[in-house]
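Engineer: Requesting a structural model of the entry that follows:
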Amino acid sequence: MNYYSTSDLRHKATLEQAVIKGLAPDGGLYMPQKIPVLPAAFLRNMSAMTLQELAYAVASFALNGDVPASVLHDIVFDAFYFDIPLVKTANGNNVLELFHGPTMAFKDVGTRFMARLLNYYRTRHPEWRTLNVLVPTSGDTGSAVANSFWRMPGVNVYVLYPRGAVNKIQKAQFASLGSNVTAVEVNGSFDDCKSLVEDAFMDADLNEAMRLTSAMSINYARIVPQMVYYFWAYAQLVRQQADVSNLVFAVPCSNLGNLASGLMAQAMGLPVKRFISVENQNNIFYNYVKTGVFTPKPTQYSIAPALDAGCPNNFGRIVDLLGSHEGICRQIHAYSYDDNQIIETIQQTYHDEDYLLDPHTAVAYRAMLQDLRPGETGVALATAHPAKLKTLMERIINETVDLPPQLSRFVSADLHVTKMNNGFTAFKRLLLDNAERC
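Structural biologist: Predicted coordinates:
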């Protein structure tokens, strides 16, 4: 199956080309020429499947045979080794916990799948010297990508993060690894880090000297596995004999990759009534839904750092899937909350429902309760473990938050950081110098 660019429908690429490059040469995002629709029998029977079986079936349909069945089977079963439970709060509200992977954030799902698919393509090309993965992060993406590729032969990872904007545990999850992972501290914002990566893909010198790819959610290999947990939530609801005739997902949004994945699952046949997109004060998509005008703005830092994005880079996929502002408004209800509202939601839910929400999940949970109508079943996506923001959470609830083993091992880890002034010239020099050493 071919893939086109959202900026130029005439541009075509194979799945391998789309995954390796991440971003189309014209700056557009890759989308499949046709989104395969799952047979009705699959939807009727998927509640009997394990998570790995369901993930393999969804990925097989989505990729339409472009990856050999045995290879895809190994990729999926290795990537989806942890649970993704649908839990109920004391008041019976549904939360899909996506944070039981190695770095305790939902991005483990997409990055583990993507790393293994990229490695498959790398091994098919012995002439490739080194594959260089570039990823900007406000915390969770960097740790998930770094751990997914850590010590993978023939792969170098560069994690760019804004100085002073990533907490100690998140930073340690990628800056303590060493080996093939380089942590680059940029004297700028998260949007500056994103721009450096995007500029690198457009630079002829870099692309001649190095084979570059991105692990941001712009990469289609991140979108495919994230579709899976929407189907998995539906399957668990069916097992619980819940009413799934009017299903609504509340999705924390920053770069809109998670929301795009849900819309892709819907296009593949998952019966979803609508989606709720929820942002913090970096409410670019919220403003677009309300006004029809997409206006990026400088990032504002918040207590929900994974939502701090001033230019959501999957916006093109949302428009491509739904066609127009009118189509988007039919399928998506948008909300935005500030720090005080997030804190209020965390405190109230912990007190009233005995469930601790991290700040990113809190926005989705609050919007779900605000938006649901009688007869609808809502699912809020929980995208990070509360302990990833341990100090903040303890301040909010005035209680100790225990660190799970996946996080406690990073508390006293030694960090290895390359500091860099903001600017593409400095970043290009860093990459080229490293390429010369390889």
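
Engineer: What segments of the stretch 101-250 of the chain are helices?
Structural biologist: 107-123, 140-149, 168-175, 190-202, 204-209, 220-239 (DSSP state H, counting those that start in this stretch).

Engineer: Identify the residues contacting the fourth one?
Structural biologist: Same thing as helix 190-202. Contact partners of helix 190-202, identified using Cβ atoms under 8 Å, 6 or more residues apart in numbering, comprise 21-23, 27, 134-138, 160-162, 165, 186, 206-207, 212, 214, 216, 296, 298-299, 308-311, 313, 422, 424, 427-428, 431. For glycine as for every other residue, the C-beta is placed from the backbone atoms N, C-alpha and C.

Engineer: starting at the chain centroid, how far to it?
Structural biologist: Computed by Cα atoms, centre = their mean, to the nearest Å, the separation of helix 190-202 from the middle of its chain amounts to 17 Å.

Engineer: next one: stretch 130-139
Structural biologist: On Cα atoms, centre = their mean, the centre of stretch 130-139 falls 13 Å from that of its chain.

Engineer: Toward the C-terminus, what is the element adjacent to whichever helix or strand Asp78 is part of?
Structural biologist: If you go by DSSP states H and E, Asp78 is part of helix 69-79. Using DSSP H and E, the helix or strand that follows helix 69-79 in sequence is strand 86-88.

Engineer: coming back round to it: quick one, which of the helices of the stretch 101-250 of the chain is nearest to Thr349?
Structural biologist: Ranking the helices of the stretch 101-250 of the chain by proximity to Thr349 (Cβ to Cβ) places helix 220-239 first, at 19.3 Å.

Engineer: okay, the closest one in CSV with CA atoms only?
Structural biologist: C-alpha atoms of helix 220-239 as CSV (Å, rounded to 0.1, in the frame of the first residue of the first chain):
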residue,chain,number,x,y,z
TYR,A,220,3.1,6.7,11.1
ALA,A,221,4.7,3.9,13.0
ARG,A,222,3.6,5.6,16.2
ILE,A,223,0.0,6.0,15.1
VAL,A,224,-0.7,2.4,14.2
PRO,A,225,0.0,0.8,17.6
GLN,A,226,-1.9,3.5,19.4
MET,A,227,-5.1,2.6,17.5
VAL,A,228,-4.9,-0.7,19.3
TYR,A,229,-5.8,0.5,22.8
TYR,A,230,-9.0,2.1,21.6
PHE,A,231,-10.1,-1.4,20.3
TRP,A,232,-8.9,-2.9,23.6
ALA,A,233,-11.0,-0.5,25.6
TYR,A,234,-14.0,-1.5,23.6
ALA,A,235,-13.3,-5.2,24.1
GLN,A,236,-12.9,-4.8,27.8
LEU,A,237,-16.2,-2.9,28.0
VAL,A,238,-17.9,-5.8,26.1
ARG,A,239,-16.5,-8.3,28.6
